[in-house]
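Student: Following is a predicted model, sequence given first.
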Amino acid sequence: MTTGARIEHLVTSGTFSLDGGTWDVDNNVWIVGDDAEAIVIDAAHDAGAIAEALGGRTLRAIVCTHAHNDHIDAAPELAARTGAPILLHGDDLPLWKQTHPDRTPDGELADGQVLRVAGVELTVLHTPGHAPGAVCLYAPALTALFSGDTLFAGGPGATGRSFSHFPTIVDSIRDRLLTLPGETVVHTGHGETTAIAAEAPHLQEWIDRGF
């Protein structure tokens, strides 16, 4: 498929807070689009920096891979600046309300839903485990998976805090992600990119170590 769409990336810094603790974090913000329109995946920490990266493009949606505060803290401000809707899986509304009790998302993401921008289709994959409403976005035309905090270079996302569950994230990764083509590049919520082929051989190691 020929497309003018591209993937852009910026890193924003802030804090992650849950269960009474707070940690400094760097987040990956992904922009998918062309010169005219785009979507933002995970509006983290700095709405101004994200808006600057968008330039004058039309923002079609702010997609939240899950509702931990470090992935959604800048979403309402970015929505106010751009008029774009915030989209979140409904199972993560309890987490969302911890950060934004007075502002609800504008739409719900559902497994199998297809988002379209700049001639590219991104399919929503519900991948619970790190959070109940965690999703990944698969864009085969870009050979890309946007994994949020479900899959990283080196293993699954963390499951040691509230709303998370290790056996569930393993099932999500095994059944929904490792079945994708091996050359698929995994654009993660934090840290470096990886590929499905690089992570697939290690599934049993993760299970044995009980990430």
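Tutor: Looks like it arrived, so ask away. Residues are numbered from 1 along each chain as shown.

Student: hang on, residue 210 packs against residue 167?
Tutor: No. Between residue 210 and residue 167 there is no contact under Cβ atoms under 8 Å: 9.7 Å. Glycine gets a C-beta too; all of them are placed from N, C-alpha and C.

Student: Could you tell me the end-to-end distance of stretch 48-62?
Tutor: End-to-end distance for stretch 48-62, by Cα to Cα, to the nearest Å: 14 Å.

Student: Repeat that for stretch 177-186.
Tutor: When the termini of stretch 177-186 are compared using Cα to Cα, they are 10 Å apart.

Student: List the contacts of it.
Tutor: With contacts defined as Cβ atoms under 8 Å, 6 or more residues apart in numbering, stretch 177-186 is touched by 125, 127, 136, 138, 140, 143-145, 147, 150-151, 153, 193-197, 199-200, 203.

Student: Now with 7 Å, please.
Tutor: Contact partners of stretch 177-186, identified using Cβ atoms under 7 Å, 6 or more residues apart in numbering, comprise 127, 136, 138, 143-145, 147, 151, 193-197, 200, 203.

Student: what comes up buried for it?
Tutor: 177, 178, 180, 184, 185, 186 (16 or more other Cβ atoms under 10 Å).

Student: same check, this time on stretch 97-116
Tutor: Applying a neighbour-count criterion of 16+ other Cβ under 10 Å, one finds 99, 100, 105, 109, 113, 115 buried in stretch 97-116.

Student: do stretch 44-52 as well
Tutor: Judged by neighbour count (16+ other Cβ under 10 Å), stretch 44-52 contains these buried residues: 44, 45, 46, 47, 49, 50, 51.

Student: quick one on the thing from earlier: which one of the buried residues of stretch 97-116 sits closest to residue 161?
Tutor: residue 99 (14.6 Å; Cβ to Cβ).

Student: Okay, helices next: where are they in this structure?
Tutor: 47-54, 69-72, 75-82, 93-99, 166-172, 196-199, 203-209 (DSSP state H).

Student: Centre of the chain to the second one, how far?
Tutor: Spelled out, it's helix 69-72. Here helix 69-72 is found 10 Å from its chain centre; the criterion is Cα atoms, centre = their mean, to the nearest Å.

Student: That one - what's its average pLDDT?
Tutor: Helix 69-72 carries an average pLDDT of 98.

Student: ditto for the first one
Tutor: Taken as a whole, helix 47-54 has a mean pLDDT of 98.

Student: what residues does that helix touch?
Tutor: With Cβ under 7 Å, 6+ apart as the test, helix 47-54 has contacts from 8, 10, 12, 29, 31, 38, 40, 43, 74, 77-78, 81-82.
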